[in-house]
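>>> coordinates only, sequence not included:
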């Protein structure tokens, strides 16, 4: 099998998983091109601040109508179904499915007048829509998500006949279909809303960026900077995949985009096929972790956690950085173990010339970023409302200037890295300069998200609008500056690129559209049956209330579901069921876990499932390019991804890794330094090699060092008590002395509604403006009385913190605690780093002896 055949096999996997495997000719082909184009235009119109938009429900209905229509026309029903034409039954399914989905839009006013009292035609449409949605999900995503959604639907009807632990009163067909299809509690819920408002535009932005050539540019920049190093092509694959995460939210597409180029080069410098494929898989799956454009599930966190997207980016930034640095280091260790070298440079250069090139590139990018940041900020302060058009003109001028600058270097850079048979590393200077203008749309996006604080949808709209302008104009401008081609002809080609980018973006969205709708069935069942409350008792019973076991249970569920579910659907299902359970049971054990930490925990393990054998599609795509075994590739990729698997456990117990609870710049530096060092040490431990091959006891010590750097508080709690404990009767005195910004931490015990005795830790926010301890306690919603030497809950104010925490009447406050005044836990780093230095000295001594 030639490399071209291998690439074609990998692209077929992408088509089957992401864009649809059908490519019919004639009228059917034109329809299958025109409908995605219309979908992209509709989404741009809906996101535009200049138009009177539809309401959210109507827009979701149209969004799903497009997705279902394309799912039936672009994806064949079976492997044996035709690829070159669309059978008549698929046209019927597509039309009926899209009508059922758009029913809320077409009859919106009528449905509003009979809310809760559907007519027979409403129910018929809902049933038809539900069945066709399940079939569309099976076609676009395979059976797993369809089976999960169908099982949850079955649970809705079979509630009275289920085992007692999960039984409920059940629901009729009318009630279920009305809830699922005619309201925003089920299929047309939050998940589909996020797909409609945010995700589509980010996917479209990525598709246009890729169509413009940014994907190839990022690959060749990474290769030019790193290809000459030991194991350089593999390091370039890691960096290129991280940069491609800016473009593609699909790990499978990421593998094919960068792997077509990097996997053969990795094999050339000595990597076996399985390891070359595994490096690409590990790097590509982590592309969804890379801010500012993460996988679609990251946008759902905005709604589910109730925080701005900028906070999601902030929380995800350090873990993503740590993960990628560690993977580059793993590649370096693999290269050291095998005695590999990099590829030669096209032109030899001295160290000073290389350093100069690197410094110029970095300083140039930094100056561009600082100029945009402070320059735009300055214009806003001075020009007020007139700043926006001024900014637009400045960006236009910057774009034209950068295109003119880049045009000089286009001939010196590698034009098509996937097609080129490179035996040497191109010069980084010309390569980087050949496409600097590709950074401008990303700058615009980041500016809108982080400085203007626009919504993700509006930020993506402005960035996409600018990207459209670049796609159309870059060709004629290059032709004009280089005088190599006719600018008018190139302008026509630019419009063709724009239309093709629109079509590619929409086809990439088919799977996400039906996935968010099908996952909405699970959410609807949870709200209809109350199974979420049942899950709390069930998980508490299985884990025995142990938070570690609970997290392991959640991770395993995410990995198992993720073998067949896309990351987005996996995240919706698991976070809906498990996130509230972890937060609730963690609080009962005295561990306050931020909701964003739990949601990122689920998100990470959903992504890791993309290379989990035996079903990881990303591993199959990489193995097809590497011409090696997909199972072995998946297993090897998962061993590389163990570094990512420990991160979620660490940031649950040390939220500083998510840049939460930091006390100034010095604390931030310590957090970054310790986390990066810990991950590098863990990588050396799992690879069995640091400066030389590890002894078994050195590996154990490295794991101990990793744990100590990630969670220094564990050891510090052994030396200093983390809390000062008081009796429950002293709550008034403790509350009266409580410092600013500290919560009132108590343990309460009593009988719950089921007659069981329970005890839980509760952290209550107090009003620090109150002078007396009693007034502060009452500000939490608690009214207490002393009875026989016990502090008893006499009354709870409705809607207060105490009521939300689940405290009940006649419960006893058994204990009050305040954080102890102790040295900062980071002092643990000193003996830990000394131990690491001793290990390094010992390995160097062994190298000299050898």
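In hand now; what should we look at? Predicted model, so just to flag it, every value in this text is computed and none were measured.
>>> Stretch 344-356 - what's its average pLDDT?
Mean pLDDT, stretch 344-356: 56.
>>> again, but for stretch 510-522
For stretch 510-522, the mean confidence score works out to 88.
>>> any idea how far stretch 102-121 is from the chain center?
35 Å (CA atoms, centre = their mean, to the nearest Å).
>>> same thing with stretch 721-733?
With CA atoms, centre = their mean, you get 41 Å for stretch 721-733.
>>> got the end-to-end distance for it?
21 Å (CA to CA, to the nearest Å).
>>> List the buried residues for that stretch?
Under the neighbour-count criterion of 16 or more other CB atoms under 10 Å, stretch 721-733 has 728, 731-732 buried. C-beta here means a position set from N, CA and C on the backbone, and glycine is covered the same way.
>>> what's in contact with that stretch?
713, 716, 734, 744-747, 772-774, 777, 784, 786, 789-791, 812-820, 822 (CB atoms under 8 Å, 6 or more residues apart in numbering).
>>> Looking at the buried residues of stretch 721-733, which one is closest to residue 113?
residue 731 (53.7 Å; CB to CB).
>>> Secondary structure element for that closest one, which one?
helix 731-736 (DSSP states H and E).
>>> State the mean pLDDT of that helix.
Per-residue scores along helix 731-736 average to 87.
>>> Stretch 138-155 now?
pLDDT averaged over stretch 138-155 gives 87.
>>> can you pull the buried residues of it?
Buried, per 16+ other CB under 10 Å, within stretch 138-155: 138-142, 144-146, 148-150, 152-153, 155.
>>> again, but for stretch 71-83
For stretch 71-83, burial by neighbour count (16+ other CB under 10 Å) applies to 71-76.
>>> of the residues you listed, closest to residue 801?
Using CB to CB, the buried residues of stretch 71-83 come closest to residue 801 at residue 71, 45.7 Å.
>>> so who does the residue nearest to the closest one when sequence neighbours are not counted touch?
Nearest non-adjacent residue to residue 71, counting by CB to CB, 6 or more residues apart in numbering: residue 136, 3.7 Å away. By CB under 8 Å, 6+ apart, residue 136 lies in contact with 67-68, 71-72, 75, 97, 514.
>>> One more: residue 407?
Here residue 407 is in contact with 477-478, 481-482 (criterion: CB under 8 Å, 6+ apart).
>>> before we move on, back to that, may I see the contacts of residue 136 arranged in CSV, with secondary structure and distance to residue 211 as well?
What follows is the contacts of residue 136, written out as CSV (DSSP: H, G, I helix; E, B strand; the rest coil; distance: CB to CB, whole Å):
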residue, secondary structure, distance to residue 211
67, helix, 21
68, helix, 26
71, helix, 23
72, helix, 26
75, coil, 22
97, helix, 29
514, helix, 24
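>>> Just the closest of the residues you listed to residue 661, please.
Out of the contacts of residue 136, the member with the shortest distance to residue 661 (by CB to CB) is residue 514, at 39.2 Å.
>>> Hmm, the closest one is touching residue 67, no?
Yes. Residue 514 lies in contact with residue 67 (CB atoms under 8 Å); the separation is 5.2 Å.
>>> and these two? which has more neighbours close in?
Taking other CB atoms under 10 Å, residue 514 and residue 67 do not tie; residue 514 has more neighbours (33 against 30).
>>> what about residue 818, which SS state?
strand (DSSP: H, G, I helix; E, B strand; the rest coil).
>>> how close does it sit to residue 653?
21 Å (CB to CB, to the nearest Å).
>>> Please apply the same query to residue 751.
31 Å.
>>> quick one, which of those two is more surrounded?
Neighbour comparison, residue 751 and residue 653: the larger count goes to residue 653, with 17 against 13 (by other CB under 10 Å).
>>> residue contacts, the nearest residue to that one once chain neighbours are set aside?
Setting aside the residues directly before and after it, residue 653 is nearest to residue 711 in space (CB to CB, 6+ apart), at 5.4 Å. By CB under 8 Å, 6+ apart, the contact list for residue 711 reads 650, 653-654.
>>> Pretty sure residue 62 sits against residue 41.
No. Contact between residue 62 and residue 41 fails when scored by CB under 8 Å: they sit 11.9 Å apart.
>>> ok, those two, which is more surrounded?
The neighbour comparison of residue 62 against residue 41 (other CB under 10 Å) goes to residue 62, with 21 against 12.
>>> Quick check: that one vs residue 524, distance?
For residue 62 relative to residue 524 (CB to CB), the value is 20 Å.
>>> now residue 622, nearest residue through space, not along the chain?
In space, residue 622 is closest to residue 277, 3.6 Å off (CB to CB, 6+ apart).
>>> Next up, the contacts around that neighbour.
Counting by CB under 8 Å, 6+ apart, residue 277 has contacts 259, 263, 619, 622-623, 625-626, 628, 633, 636-637.
>>> Nearest to residue 458 among those?
For those, the nearest to residue 458 is residue 259 (34.0 Å; CB to CB).
>>> Check for me that the closest one belongs to a helix.
Yes. When three-state DSSP is applied, residue 259 is found to be in a helix.
>>> So what touches the helix or strand encompassing residue 144?
Secondary structure from DSSP H and E places residue 144 in helix 143-157. Residues from elsewhere that reach helix 143-157, judged by CB under 8 Å, 6+ apart: 130, 134-135, 137-138, 162, 166, 170-171, 173, 176, 515, 518-519, 521-522, 525, 528-529, 531, 561, 563-566, 569, 573.
>>> Could you point out the helix or strand that follows it?
helix 173-181.
>>> what comes up buried for that following helix?
Those would be 176-181, for helix 173-181 by 16+ other CB under 10 Å.
>>> cool, and stretch 57-71?
In stretch 57-71, counting by 16+ other CB under 10 Å, buried: 57-71.
>>> same check, this time on stretch 259-276
So, applying 16+ other CB under 10 Å, buried residues of stretch 259-276: 259-267, 269-276.
>>> Over to stretch 284-304 now: how far is its first residue from its last?
26 Å.
>>> Mind jotting down where the strands sit in the protein?
In the chain, the strands defined using DSSP state E lie at 723-727, 744-751, 757-764, 782-787, 790-796, 812-819.
>>> pLDDT-wise, which helix or strand of this protein ranks last?
Within the chain, confidence by mean pLDDT, DSSP states H and E is lowest for helix 351-383 among all helices and strands, at a mean of 54.
>>> Now the terminal residues of stretch 223-235, how far apart.
Terminal-residue distance, stretch 223-235 (CA to CA): 8 Å.
>>> Just the mean pLDDT for it, thanks.
Per-residue scores along stretch 223-235 average to 79.
>>> before we move on, what about stretch 604-617?
Mean pLDDT, stretch 604-617: 71.
>>> cool, stretch 403-417 as well?
The predicted model assigns stretch 403-417 a mean pLDDT of 70.
>>> ok, residue 129 to residue 453 distance?
37 Å.
>>> between these two, who's got more neighbours?
The residue with more neighbours, out of residue 129 and residue 453, is residue 129; 28 against 11, by other CB under 10 Å.
>>> Can you name the residues that contact the more buried one?
97, 100-101, 103, 181, 187.
>>> can we see that at 6 Å?
100, 181 (CB atoms under 6 Å, 6 or more residues apart in numbering).
>>> Next: residue 623.
277, 630, 633 are the contacts of residue 623 under CB under 6 Å, 6+ apart.
>>> where does residue 132 sit relative to residue 609, distance-wise?
27 Å.
>>> ok, now residue 209?
26 Å.
>>> okay, the two: which has more neighbours?
Higher neighbour count among residue 209 and residue 609: residue 209, with 28 against 25, using other CB under 10 Å.
>>> Flag every buried residue along stretch 275-288.
Result for stretch 275-288 [16+ other CB under 10 Å]: buried residues 275-288.
>>> Just the ones in helices from those residues, please.
Among the buried residues of stretch 275-288, the members found in helices (DSSP state H) are 275-285.
>>> Let me have these in CSV, adding distance to residue 471 and pLDDT as columns.
Output for those, formatted as CSV (distance: CB to CB, whole Å; pLDDT from 0 to 100):
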residue, distance to residue 471, pLDDT
275, 37, 88
276, 33, 87
277, 32, 87
278, 34, 87
279, 31, 87
280, 27, 85
281, 30, 85
282, 31, 84
283, 27, 83
284, 24, 80
285, 28, 78
